[in-house]
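Visitor: Sequence plus predicted model, see below.
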Amino acid sequence: LNGVKSCLMFIMITVTVDDMFTSSFQSPFPVRLLHQSTSNVWGLHVLHAVNGKNSNNNGKNGINGANAKNGSHKNEFNVPDPTTLTPLSKKPVKKLPNGGRITLLGSGPGDPDLLTIAAYKMLKDPDTLVIVDRLVSKEILDLIAGEYKVARKVPGCAELAQHEIYAWAHEGISQGKHVIRLKIGDPFVFGRGGEEVLMFRRFGVEANVIPGVSAAFSAPLLGNIPVTHRGAASQVVMCTGYGRNGTSPDLIQYHKEQTVVFLMAVGRLRELCANLINLAGYPPQTPVAIVEKAGCPDQRTVVGNMLTIADLSEQFKVKPPSTIVVGDVVNVLIGEDDAGESVTGLVQNMTQSIML
């Protein structure tokens, strides 16, 4: 219930303002308004970015074509249950008879230069429908030549947004489009990639999968933190901050020569650090770093320890997408200040500028 309330509050605040189509409106999502159009999704008006195409949906609540017959299975936000959407093939095929197909595409940590060549080529195809994760960077969105829609996976709305993603994908392939499901990082590293492949199979399509550079390894590198270093770390563990249905995942017990990289965990950083100390045996002085918006022009790195990092995160207003790195490797290259103490606080542009 709390998740539904927060979802409603977010939507009502951000997309139902009277001046949303005026020059004063600032979209909460990184959407490039090359053409303004609206569709009524979840009973509310939302914006889609289009390159020379009208993205207005003629069906009820933005779901038309093959999806319209499933309206009776929609939830309180008028998003259909994806399991009720009509299969478009008896068995999964790479391409439907009408040409509809799906590609699951990793966008990397945020820097367009870190896209694979295959990803870049697909994003420059004007005849595609790109369904985008909310945290994909503006710099990558600016490369998209065709129409794209941004999922609103804000806290409390993740499952509803996922249902909307499936509805958009089903609608696109039912219209014979090449649907690109663009995900931050790598689709199969804490990105629901496997779940989406299974759902697309229910629709009758076997998705093509193109990997992306995972933030689990690239974000620490871009923040000047090696995840392995002789004498500091001989093993790396990747964890998510959120288990299924918002639960906390089991924690890995402390090992001095171990680096732990947490994805999607900045929203519960204080709880995470307390659990690592009390339940997993981590010393309170264990170094911790947060790399925010890795690879983007506004990338930031915040450094502290188990006891200080949550306060520092609040002080500097750290937001997703952020990658958390735990272990002695944090201080290997960032080093010490003039007094010989480990750097603490906000590190701008790797080690070029330090604000204590």
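Guide: Received it, and whenever you're ready, just let me know what you need.

Visitor: Which pLDDT does the model give residue 346?
Guide: Looking at residue 346, its pLDDT stands at 89.

Visitor: The host helix or strand of it pairs with which strands?
Guide: Applying DSSP states H and E as the criterion places residue 346 in strand 345-348. In the sheet, strand 345-348 lines up against strand 300-305 (antiparallel), strand 353-355 (antiparallel) (DSSP bridges).

Visitor: lowest-confidence stretch among those?
Guide: When the strands paired with strand 345-348 are ranked by mean pLDDT, strand 353-355 comes last with a mean of 41.

Visitor: how distant is the strand holding residue 346 from the center of its chain?
Guide: Strand 345-348 sits 23 Å away from the centroid of its parent chain (C-alpha atoms, centre = their mean, to the nearest Å).

Visitor: What of stretch 177-185?
Guide: 12 Å.

Visitor: Which positions in the strand holding residue 346 come out as buried?
Guide: 345-347 (16 or more other C-beta atoms under 10 Å). For glycine as for every other residue, the C-beta is placed from the backbone atoms N, C-alpha and C.

Visitor: tell me which of the residues you listed is nearest to residue 92?
Guide: Residue 92 lies nearest to residue 347 out of the buried residues of strand 345-348, by C-beta to C-beta, at 46.7 Å.

Visitor: Assign residue 260 to helix, strand or coil.
Guide: What DSSP: H, G, I helix; E, B strand; the rest coil gives for residue 260 is strand.

Visitor: now the residue lying closest to it once chain neighbours are set aside: how far from residue 119?
Guide: The spatial neighbour of residue 260 that comes closest, neighbours along the chain excluded (C-beta to C-beta, 6 or more residues apart in numbering), is residue 326 at 4.4 Å. From residue 326 across to residue 119, the span is 30 Å (C-beta to C-beta, to the nearest Å).

Visitor: Equivalent analysis for residue 104, please.
Guide: 11 Å.

Visitor: Common neighbours of the two, please.
Guide: residue 210 (C-beta atoms under 8 Å, 6 or more residues apart in numbering).

Visitor: for the stretch 51-200 of the chain, what spans make up the helices?
Guide: Listed in chain order, the helices of the stretch 51-200 of the chain (DSSP state H, counting those that start in this stretch) span 117-123, 138-141, 158-174, 193-203.

Visitor: any idea which of the ones you listed is most buried?
Guide: Per residue and on average, the most neighbours among the helices of the stretch 51-200 of the chain fall to helix 158-174, with a mean of 23 (mean count of other C-beta atoms under 10 Å).

Visitor: Okay then, goodbye and thanks.
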